Every structure is written in C-alpha cells, then in structure tokens.
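Trainee: Kindly return the folded structure for what I paste below:
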Amino acid sequence: IGVTTTEAIGVMLAINTIKSDTNAYVGDNSADDPSAPLAAGFSPLVNPASTVAGSYSVSATDSGDIQSAAFTLQIATDGSGAGAAAAINNTDTSPTASISGAAISATDLLVQANAQNTIQTLAMGFAGGGDGALAGSAATGTISDSPRALIQSGAIIDAANNAGVIAGNSDVIETIAGAA
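Mentor: Numbering: from 1, shown residues only. As a prediction, the model looks like this:
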C-alpha cells in the first residue's frame, strides 16, 4: 500500500510451488533378480506371495492445496499512481501404485493412483492519482500430474471377481485477476 502526494508505484509478486512423489508398492526386490536392492523410494509392504480372503488394494494419493493472494494499492493525490500484482502457482505430483513380481490371490483387486490438487488464486491491482493512474494484475495456476497405477514385471494376479487398475486426477484451478 502506498499513499503519497507525489508519485506512488508498487508491485506485489507471490510465487508458490508444491512438488511431491508418493509411492505404494507390493512385490519382491526385482522380478529378474530377487537379490537386487529395492528401487529408490520403494519398500515391500507384504510378502511377495499373498492370498487374501476378500478385497486387496494398493493405493497412492498425492494432494496439495495452494491458496494465494497478491494485492497492491497505490494512491497519489497530486501525482500519478501505478500498481501491479501477480500470483504464480504450480503443483507437480507423481503418485504411483504398483504390484511388481508378486503373486496375489484375492476376491477383488484394486491398484489405484490419484492426484488431487487445488489452486485458488486472487490477484488485484489498484491505483489512483490526481494526474493519472495505471493498474494491472496477472494470476496463473499450473497443475502437472503424473499418476501411475501398474501391474508389471512378472506379477501373477488371481482375482475371483474384479480387478481394477486406475490412475486419475481430480484437480481444480480457480483464478481471479483484476485491476481498477
């Protein structure tokens, strides 16, 4: 906020970023070499050979919320006022759910990866002046998801009823920008 009798100039910039990876993994160390070390970020959750009475699921969800606001108010009673506001917001999530090199027998099987990100942004620029005024604003939101659901590398699946492999997102971007 700037108030003066001569010239008033102001700029506001807000930048927000979320980056995350979530992994859910069932399987041995490697379908080709059981003595190999685990891939980075993975750890076995169950014995590689499992029989389950009922439903079996492997699920990974990555979520992030950004709520951002950028405002500027510049007033010059006898001069000129100029104000600009900008908000830049980004999310980058990579949830992965996988079964690799495991034998699983169950009534129903679900391998699911979900990305659930929300960006809410408001950018406003206000200016006033006795000699003139200039105001502006800009707001951006970018969501980059890479959800992956996999059954791979020698996995043996016996699902008596249903088997599902689902990767999806439910992302929302709400942006308002204005100037006066």
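Trainee: Give me the phi and psi for Ser146.
Mentor: phi -140, psi 60 (degrees, to the nearest 10).
Trainee: Report the contact partners of it.
Mentor: Applying Cβ atoms under 8 Å, 6 or more residues apart in numbering, one finds that Ser146 lies in contact with Thr93, Ser94, Ala115. For every residue, glycine as well, the C-beta is placed using N, CA and C.
Trainee: pLDDT score for the second one?
Mentor: Which is Ser94. Ser94 is assigned a pLDDT of 93 by the prediction.
Trainee: was I right about it contacting Ile18?
Mentor: No. Ser94 lies out of contact with Ile18 (Cβ atoms under 8 Å); the separation is 11.7 Å.
Trainee: Is Ala123 within a helix or a strand, and which one?
Mentor: strand 103-129 (DSSP states H and E).
Trainee: Against which helices or strands is that strand packed?
Mentor: strand 8-27, strand 49-51, strand 55-76, strand 80-100, strand 132-145, strand 148-152, strand 156-169, strand 172-179 (3 or more Cβ pairs under 8 Å, 6 or more residues apart in numbering; DSSP states H and E).
Trainee: Buried residues, that strand. List them.
Mentor: 103-106, 109-129 (16 or more other Cβ atoms under 10 Å).
Trainee: related to what we said a few turns ago, most neighbours per residue, which of the helices and strands packed on strand 103-129?
Mentor: With neighbours taken as mean count of other Cβ atoms under 10 Å, these reach their highest mean count in strand 80-100, at a mean of 23.
Trainee: Show me what that strand packs onto, helices and strands only.
Mentor: Short answer (3+ Cβ pairs under 8 Å, 6+ apart): strand 80-100 packs on strand 8-27, strand 55-76, strand 103-129, strand 132-145, strand 148-152.
Trainee: could I get that strand in PDB with only the CA atoms?
Mentor: Extracted in PDB, the C-alpha atoms of strand 80-100 (Å, rounded to 0.1, in the frame of the first residue of the first chain):
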ATOM      1  CA  SER A  80       0.400   9.600 -10.700                       C
ATOM      2  CA  GLY A  81      -0.300   6.200  -9.200                       C
ATOM      3  CA  ALA A  82       0.700   2.800 -10.600                       C
ATOM      4  CA  GLY A  83       0.200  -0.600  -9.100                       C
ATOM      5  CA  ALA A  84       0.700  -4.200 -10.400                       C
ATOM      6  CA  ALA A  85       0.000  -7.500  -8.700                       C
ATOM      7  CA  ALA A  86       0.900 -11.000  -9.900                       C
ATOM      8  CA  ALA A  87       0.500 -14.500  -8.500                       C
ATOM      9  CA  ILE A  88       2.200 -17.600 -10.000                       C
ATOM     10  CA  ASN A  89       1.200 -21.100  -8.600                       C
ATOM     11  CA  ASN A  90       2.400 -24.600  -9.600                       C
ATOM     12  CA  THR A  91       1.900 -28.100  -8.400                       C
ATOM     13  CA  ASP A  92       3.800 -31.200  -9.700                       C
ATOM     14  CA  THR A  93       2.800 -34.500  -8.100                       C
ATOM     15  CA  SER A  94       3.600 -38.100  -9.100                       C
ATOM     16  CA  PRO A  95       1.600 -40.700  -7.200                       C
ATOM     17  CA  THR A  96       2.500 -44.300  -8.100                       C
ATOM     18  CA  ALA A  97       0.700 -47.500  -7.000                       C
ATOM     19  CA  SER A  98       2.200 -50.800  -8.300                       C
ATOM     20  CA  ILE A  99       2.400 -54.500  -8.000                       C
ATOM     21  CA  SER A 100       5.600 -56.000  -9.400                       C
END
